[in-house]
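# next one to model:
(one chain, ligands or ions: 2)
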Amino acid sequence: MPELPKRPDMLIRGFSVFKGAIDPAGQARIVECLRDVVAAAPLFSPQTPYGKPMSVRMTSAGRVGWHADRTGYRYTTHHPNGTAWPPIPKPVLDVWRMVSGVDRDPDCCLVNYYGEGARMGLHQDKDEADFRWPVVSISLGDDALFRVGNVTRGGTTESLWLGSGDVVVMGGDARLAYHGIDRTRFASSQLLPKGGRINLTLRVAV
Ligand code: MD3
Ligand code: FE
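Ligands and ions are numbered 1, 2, ... in the order given. Model prediction:
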């Protein structure tokens, strides 16, 4: 994979955005690796505490993965089907090592799949043990409208389209900002044969 830019193209509310940081060949290589991940740990629709399943389908790679059970959301060592989460693919780790600015590898690679009409409401990521570690996001496939607000609920928000190959680093104060995906442009990208968007988030979780 070619070297990622060292300087972000954009800073939005403390988020560093690297546009098109992963070239099409690199994106295809990551998608290939993800086929093995979902074969071992199939995508599922997490239940929300409100009883309605999320429209985004998910799975994880790494020593821990994130999912919901009766007692709420948590990091666990096993997929709901009982198998250990598969390892984080090397080309994905390479992205983290290039942009995260820290010398510890992530524990978890959360894989979110957005089919037609899928979205993710505004939320904070607060299930990790230490918020000083950054979170790195990799977008693949269809364009998505990402929205970022503040560290408390309410106030103004800003929106930004994320495209295939874009990488975002959330650190510092931005780490606890409310954020979500309002919508995607289904089939705007040819990367995935059946369309859709994959977002990978790399986290130090435990
Ligand atoms: C800001 N995913 O998995 S990635 C999530 O595109 C999540 O699937 C969205 O929000 C997606 O939790 C947005 C960008 C992102 C990821 C993690 C963050 C932004 C973040 C953690 C803290 C602050
Ligand atoms: Fe999030």
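
# where does the residue of the chain found nearest ligand 1 land in three-state SS?
For the chain and ligand 1, the shortest gap (C-beta to the nearest ligand atom) falls at Asn199, measuring 3.2 Å. No exception for glycine: its C-beta is placed from N, CA and C like everyone else's. Here Asn199 is strand, with the state taken from DSSP: H, G, I helix; E, B strand; the rest coil.

# mind pulling up the pLDDT for it?
pLDDT recorded at Asn199 is 98.

# can you pull out the helices in the protein?
Using DSSP state H, the helices found in the chain span residues 24-40, 90-99.

# return the most buried member of the ones you listed.
helix 90-99 (a mean of 19; mean count of other C-beta atoms under 10 Å).

# quick one: that one to chain centroid distance?
Averaging C-alpha positions (C-alpha atoms, centre = their mean, to the nearest Å) puts helix 90-99 13 Å from its chain's average.

# what packs against it?
helix 24-40, strand 135-141, strand 167-170, strand 197-203 (3 or more C-beta pairs under 8 Å, 6 or more residues apart in numbering; DSSP states H and E).

# beta partners for His78?
Ala84 (DSSP bridges).

# that older thread, Thr76 is nearest to which of the helices of the chain?
helix 24-40 (15.1 Å; C-beta to C-beta).

# same list (the helices of the chain) but as TSV, adding mean pLDDT.
Below are the helices of the chain laid out as TSV (pLDDT from 0 to 100):
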stretch	mean pLDDT
helix 24-40	98
helix 90-99	97
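
# beta partners for the residue of the chain closest to ligand 1?
With DSSP bridges as the rule, Asn199 is bridged to Asn112, Ser139.

# kindly state which of the helices of the chain is positioned closest to Pro106.
helix 90-99 (5.6 Å).

# the closest one near ligand 1 at all?
No: Helix 90-99 lies out of reach of ligand 1 by C-beta under 6 Å from any ligand atom, never closer than 13.0 Å.

# tell me the angle of that helix relative to helix 24-40?
120 degrees (axes from the mean of the first three to the mean of the last three C-alpha atoms, to 10 degrees).

# which residues sit in contact with Met58?
Leu43, Phe44, Ser45, Pro46, Trp66, His67, Leu110, Val111, Asn112, Tyr113 (C-beta atoms under 8 Å, 6 or more residues apart in numbering).

# the fifth one: neighbouring residues, count only.
The number of residues packed near Trp66 is 23, by other C-beta atoms under 10 Å.

# one more: the first one?
A total of 15 residues lie near Leu43 under the criterion other C-beta under 10 Å.
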